[in-house]
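# below are the sequence and a predicted model for it; my questions follow.
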Amino acid sequence: MSLLVIKDLEARVSDKPILKGLSLTVEAGTVHAVMGPNGSGKSTLAQVLAGNPAYEVTGGSVTYDGKDLLSMEPEVRAQSGVFLAFQYPIEIPGVSNAYFLRAAYNEKLKAQGKEEVDPLEFADLMEQKLAMVEMDSAMLTRSVNTGFSGGEKKRNEILQMAVLEPRLAILDETDSGLDIDALRIVSDGVNQLRRPDNATIVVTHYQRLLNYIVPDFVHVLANGQILKSGGKDLALELEEKGYDWVTHPNASAPLGAGVA
Amino acid sequence: MAVGSGAESYIAAFDQLTSDRTAPGSLQAARRAAFEQFAALGFPTRKNEDWHFTSVSPITDEEFVLMPSPSGDVRRDELDPFRFGATDWSTMVFVNGRYAPELSDCESLPAGVKVRDLASAWSANAAVVERIGTIADSEIHSFTALNGAFMQDGAVVEIASDTEAQTPIHLLFITDANAAKGMMHPRNLIVIGRNAKATIVESYVSTTNAMYLTNAVTEVSVAEGATLQHFKIQREAGRAFHVGTVEVDQARDSHYVSFSLAMGAALSRSNIYTRLNGEGSGATLNGLYMIEDEQISDHQTQVIHAQPNTFSRELYKGVLDGRSHGVFNGKVYVHPIAQKTDGKQTNKTLLLSSTAHVDTKPQLEIFADDVKCTHGATIGQIDATALFYLKSRGIENGLARRLLTYAFAADVLETIEVEEIRKSLELMSLERFV
């Protein structure tokens, strides 16, 4: 059974259709990159999978682990192993990172019918997770994302991912705003979390991140549909030829257009 | 005697109180004068600008009797939930408005710190009681006049010059079932000497869900170079009415730091008035109101910048659920000579339901030309993106909303320097709207 099967998915935001019949199948143990120009629907796909109510699904189906994902509340999806690393993580002043992470972790344990952990047990668990993203334990006492640099916010997303150990992780433009060191740290974290029973969808505009998180499959998303799929070499081809090569195959694309 | 609107129903209670011939003559005279002021003023109506958003008819529709004296069956362990987890504070406990020495702990006060109950101070003819009525204005504020007419007891706290009271002094006013249909009019006096420093916590709490009226007045004098941190914690019974007035007189280079919490009562009105009478003095007035159902919480602050180089900082936050109604009215007066005044006022309200509402009214009257005074007010709802973020981490809807409510209140709670109070209030803001 495939971990995730997206069939003819249609979605809109404030009456504007964004996804127009998107299909994608993800097997456990694989990494998929979804690439595409700005406005193609990459972030919409990520948000719809996580259950953001601001996006309205108007057609198609999503089956996750054999269940109808679209009928699940966002918190139930998360408890079932779906994780979205946000492009723009939200600041929550006054709520410490430690409290937030433990609350999230305990919700997952509760959903699995397991005992919740107390702050001391959780501190032990955190030690190894922090090491994975090279974060200092001082980060735990700070308010969630409040006053964090762009890089710290993205590392904090991966820290949450490390704590929750999702079966399906969706990384939405995780490379944006990262310098080369932060990019390496974040990618190392993601790579360490790869297991045969989980899968990762990397949503990105640029090929750069894929040098660090090497995908098994690359898909080009444009105008709300997957237009082309291939192996990791497709990303390099896109880097070289630009998205127009896929989206307007008959036009002669200027070299490197749309790619930084 | 001419009797203003609503005052007639208080005549019988007043006659009963003043028939006690053992009361000191000066107290009786003060009560009579105050009752005359109250009778002339009557209760405020919504035509009165200061009461435009809040009708006092729920209070005037009731007939209250004086709470019986001595009264109350409060046990020591019933006070524990209201102590903020602190064990080393000095505490004066008042049950149904009367001092309860058997429940109080005032043995370990440092030298220079003196506390006593107003009834005893008055009986002993203590010089300090002459200050009663010199700071709070009963000529224009009818609830202050009403308090003066019925004042019986309260706390008198004196901090001598150059004294630093290390631990907070807690004035804990508690009501029990015997308070039902009763009224109490606590009158407190706080006198902080030159260069002294103290923290005083004034709590109004209840072990009952009875209907009653608290009408408290606290007069505060902060001398030159002194600092007072003053907490007003209003957690009255759900059907109770609370009117509390704090009036402060500040001398040169003094700092008055106030935090007002309003959570209880069907209807509450908190007045925090300070007068910056000395150059270099300043006031920090912060507060949080968290109400639900049909509750009404009204705050009125007033800062009078009467001298140059004075400052004021105000941050009030409100969380409103159900059909509750919040009011914030912040008055700032800058006198013509009060050049270089630096004032900042902020009021932010979070509406948790579509049926709650808030009236916020900054009121700046500036008569000097070289001043910096700003104000701002916002009204908002739980941020949908933030809510989704928490839920996307598996946090269920209720906890997610409570965390965001807590986050909203966080910055004003962070200003609280007394750790026990800050932690208690953080927990309260997290658990208020379960």
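Arrived safely, thanks for sending.

# which helix or which strand is home to the one residue in chain B that gets nearest to chain A?
Of all residues in chain B, the one sitting closest to chain A is B:Ala410 (2.2 Å; Cβ to the nearest Cβ). Yep, even glycine has a C-beta here, placed from its N, CA and C like the rest. In this assignment (DSSP states H and E), B:Ala410 forms part of helix B:397-413.

# what score does whichever residue of the stretch 151-260 of chain A sits closest to chain B have for pLDDT?
Residue nearest to chain B within the stretch 151-260 of chain A: A:Gln160 (6.3 Å; Cβ to the nearest Cβ). pLDDT recorded at A:Gln160 is 95.

# list of residues touching the helix or strand hosting it?
According to DSSP H and E, A:Gln160 maps onto helix A:150-164. Here helix A:150-164 makes contact (Cβ atoms under 8 Å, 6 or more residues apart in numbering or on different chains) with A:78, A:83, A:85-86, A:89, A:97, A:101, A:104-105, A:108, A:125-126, A:129-130, A:132-135, A:139, A:144-145, A:148, A:169, A:174, A:177-179, A:181-182, A:185-186, A:189-190, A:192-193, B:393-394.

# so what's the residue in the stretch 51-200 of chain A that chain B sits nearest to up against?
Minimum separation of the stretch 51-200 of chain A from chain B (Cβ to the nearest Cβ) falls at A:Gly94, amounting to 2.2 Å. By Cβ under 8 Å, 6+ apart, the contact list for A:Gly94 reads A:Ser143, B:Tyr406, B:Ala407, B:Ala409, B:Ala410, B:Asp411, B:Leu413, B:Glu414, B:Glu426.

# check A:Leu125 too.
For A:Leu125, the contact set (Cβ under 8 Å, 6+ apart) comprises A:Tyr105, A:Val117, A:Val163.

# verify the contact between B:Ala179 and B:Asn209 for me.
No: the criterion here is Cβ atoms under 8 Å, and B:Ala179 misses it with B:Asn209 at 10.8 Å.

# more neighbours: those two, which one.
A count of neighbours by other Cβ atoms under 10 Å in any protein chain shown puts B:Ala179 above the other of B:Ala179 and B:Asn209, at 27 against 11.

# ok, the more buried one - contacts?
B:Met67, B:Ser71, B:Gly72, B:Asn96, B:Ser206, B:Thr208, B:Ala210, B:Tyr212.

# before we move on, back to that, tell me the buried residues in the helix holding B:Ala410?
For helix B:397-413, burial by neighbour count (16 or more other Cβ atoms under 10 Å in any protein chain shown) applies to B:399-410, B:412-413.

# next, residue 169: phi, psi?
With no chain named, the answer covers chain A. Dihedral angles of A:Ala169 (phi, psi; degrees, to the nearest 10) stand at phi -110, psi 130.

# so it sits against A:Ala78, correct?
No: counting by Cβ under 8 Å, A:Ala169 does not reach A:Ala78; the two are 11.3 Å apart.

# what helix or strand is B:Ile59 located in?
Here B:Ile59 sits within helix B:57-60, counting by DSSP H and E.

# check which element follows that helix along the chain.
strand B:65-66.

# counting by contacts, list what that following strand packs against.
If you count contacts as 3 or more Cβ pairs under 8 Å, 6 or more residues apart in numbering or on different chains; DSSP states H and E, strand B:65-66 packs onto helix B:11-18, strand B:182-184.

# most packed of those?
strand B:182-184 (a mean of 24; mean count of other Cβ atoms under 10 Å in any protein chain shown).

# give me the below-cutoff pLDDT ranges for the stretch 151-260 of chain A.
When residues are selected by pLDDT under 70, those of the stretch 151-260 of chain A lie in A:250-260.

# same question, the stretch 301-434 of chain B
The stretch 301-434 of chain B contains residues with pLDDT under 70 at B:434.

# pull up the residues of it that are close to chain A.
Selection of the stretch 301-434 of chain B residues close to chain A by Cβ under 8 Å from any Cβ of the partner chain yields B:383-386, B:388-397, B:399-400, B:403-404, B:406-407, B:409-411, B:413-414, B:426.

# find the nearest non-adjacent residue to the residue of the stretch 51-200 of chain A closest to chain B, please.
B:Ala410 (2.2 Å; Cβ to Cβ, 6 or more residues apart in numbering or on different chains).

# give the contact list for that neighbour.
So B:Ala410 contacts A:Pro93, A:Gly94, A:Val95, A:Ser143, B:Glu426 (Cβ under 8 Å, 6+ apart).

# just the buried positions in stretch A:162-178, please.
Under the neighbour-count criterion of 16+ other Cβ under 10 Å, stretch A:162-178 has A:162-164, A:166-175, A:178 buried.

# could you tell me the end-to-end distance of that stretch?
Criterion Cα to Cα, to the nearest Å; first-to-last residue distance in stretch A:162-178 is 19 Å.

# what about the strands in the stretch 301-434 of chain B?
B:311-320, B:325-334, B:342-351, B:357-366, B:372-381 (DSSP state E, counting those that start in this stretch).

# chain A too?
Ranges of strands in chain A, per DSSP state E, are A:4-13, A:16-26, A:31-35, A:55-64, A:67-68, A:82-85, A:92-96, A:143-144, A:168-172, A:199-204, A:217-222, A:225-230.

# three-state assignment of B:Ser221?
Three-state call for B:Ser221 (DSSP: H, G, I helix; E, B strand; the rest coil): strand.

# returning to what we had before: and the buried residues of stretch A:162-178, which two are furthest apart?
Farthest-apart pair in the buried residues of stretch A:162-178 is A:Arg167 and A:Leu178; separation 25.0 Å (Cβ to Cβ).

# so what's the residue count around the spatially closest residue to A:Asp181 that is not a sequence neighbour?
Nearest in space to A:Asp181, with sequence neighbours left out and distances taken as Cβ to Cβ, 6+ apart, is A:Gly151 at 8.0 Å. A:Gly151 is flanked by 16 other residues according to other Cβ under 10 Å.

# wait, what's in contact with A:Gln225?
Taking Cβ under 8 Å, 6+ apart, one finds A:Leu19, A:Lys20, A:Gly21, A:Leu22 in contact with A:Gln225.

# mind putting these into a markdown table with neighbour count?
As requested, those are exported to a markdown table (neighbours: other Cβ atoms under 10 Å in any protein chain shown):
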| residue | neighbour count |
| --- | --- |
| A:Leu19 | 26 |
| A:Lys20 | 17 |
| A:Gly21 | 13 |
| A:Leu22 | 24 |
